[in-house]
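Student: Test case, fold it:
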Amino acid sequence: MADPTPQPTIPQAQPPPAGPAPATSPRQEYRDYARQLAEGTTVPPDIVEGLWLHESQFDPRAVNKRSGAAGIGQLTRSTAQKHGLKVTRKIDERLDPYKNMPAALKELEEIDLAFPEV
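Tutor: This next block holds a predicted model:
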């Protein structure tokens, strides 16, 4: 005689729901933006991406405890101000990636142009 107790059924795995692809991470967006910025300069995009990855891991809130450099491009206070960023006790535009990266790239390009043989 068959066992009258119902056996549990194992549900079949369902495919993921259709819809938009997951958004890219903010850090990936910053990396893409860095490459776009570098395209129109003398500094190769791979150099910019590698340098900023090493310096800040593309973390816009990164701060170097020794030098005080901040943001993705690790700008010091004086370099940031040189490139038009506001750095006060209340406002630090170095922490805004869309202000930091263009300023940091300008600085890199100035260095690249000043030392073309390197």
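
Student: Run through the residues that contact R35.
Tutor: By C-beta atoms under 8 Å, 6 or more residues apart in numbering, the contact list for R35 reads P45, V48, E49. From N, CA and C alone the C-beta is placed, and that goes for glycine too.

Student: Also S56?
Tutor: A62, G71, I72, G73, Q74.

Student: correct me, but V43 touches A104?
Tutor: No. The pair V43 / A104 is not scored as a contact, 10.2 Å apart, by C-beta atoms under 8 Å.

Student: Neighbour count: the two, which is higher?
Tutor: A104 (29 against 21; other C-beta atoms under 10 Å).

Student: For that one, which three-state class applies?
Tutor: Three-state assignment for A104 (DSSP: H, G, I helix; E, B strand; the rest coil): helix.

Student: so what's it closest to, chain neighbours aside?
Tutor: G73 (2.3 Å; C-beta to C-beta, 6 or more residues apart in numbering).

Student: so which strand or helix has that neighbour?
Tutor: Secondary structure assigned from DSSP states H and E places G73 in neither a helix nor a strand.

Student: you'd agree it is up against E109?
Tutor: No. The pair G73 and E109 does not pass the contact test of C-beta under 8 Å, sitting 11.9 Å apart.

Student: With neighbour numbers in mind, choose between the two.
Tutor: Ranked by neighbour count (other C-beta under 10 Å), G73 and E109 place G73 first, with 29 against 16.

Student: worst-scoring helix or strand of this structure, pLDDT-wise?
Tutor: helix 26-39 (a mean of 92; mean pLDDT, DSSP states H and E).

Student: hmm, who's touching stretch 89-109?
Tutor: So stretch 89-109 is contacted by 30, 33-34, 37-38, 41-43, 47-48, 51-52, 60-61, 70-75, 77, 79-80, 82-87 (C-beta under 8 Å, 6+ apart).
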